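> here you go, sequence then predicted model.
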Amino acid sequence: MACVDYSGDKVKVYGLIAVREENLKALERFLPMSPHFSEIKVKFAKMKILKSFPRRYERVRNYVEKLVVSSDLQDIVKELERLRSEIKRVYVDAHVYRRIKSS
């Protein structure tokens, strides 16, 4: 399973995370790891979340098959193409879906 998300104000960022469905239950105990980046309004809080991300990610890394973060949507699309044979389901943010569909 893969999820693709978008976050952007001044800086646009796309993210793709792929996990095996059998790992979803194990990942559930780590949620919520942090609020969605776009929901954080204070610059200091955003910096704090970014700084803590590597430590938080380390706790779930063994359950994640692929993590891609990029400011270029084409990087995400290329990775989805590479994973096509391994992914059964893809959940895509509405903003990203519109961008992919129109290209």
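Sure, I can see it. Residues are numbered from 1 along each chain as shown.

> show me where the protein has strands.
With strands called from DSSP state E, the chain shows them at 2-8, 12-19, 64-70, 90-92.

> contact partners for the residue lying closest to Leu67 once chain neighbours are set aside?
Spatial nearest neighbour of Leu67, chain neighbours left out: Ile17 (5.3 Å); criterion: Cβ to Cβ, 6 or more residues apart in numbering. Backbone N, C-alpha and C define where each C-beta goes, glycine included. Residues in contact with Ile17 (Cβ atoms under 8 Å, 6 or more residues apart in numbering) are 2-3, 64, 66-67.

> how far is stretch 11-25 from where the chain is centred?
On the basis of Cα atoms, centre = their mean, to the nearest Å, stretch 11-25 sits 5 Å off its chain's mean C-alpha point.

> stretch 69-78 too?
Computed by Cα atoms, centre = their mean, the separation of stretch 69-78 from the middle of its chain amounts to 11 Å.

> TSV for the strands of the chain, including mean pLDDT and distance to Arg29?
Output for those, formatted as TSV (pLDDT from 0 to 100; distance: least, Cβ to Cβ, whole Å):
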stretch	mean pLDDT	distance to Arg29
strand 2-8	89	18
strand 12-19	92	14
strand 64-70	95	14
strand 90-92	94	20
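
> so the longest helix along the chain versus strand 12-19, what angle?
Determined from DSSP state H, the single longest helix within the chain is helix 43-60. Calculated by axes from the mean of the first three to the mean of the last three Cα atoms, to 10 degrees, helix 43-60 forms an angle of 20 degrees with strand 12-19.

> so what touches helix 43-60?
Contacts of helix 43-60 (Cβ under 8 Å, 6+ apart): 27, 30, 33-35, 37, 40, 64, 67.
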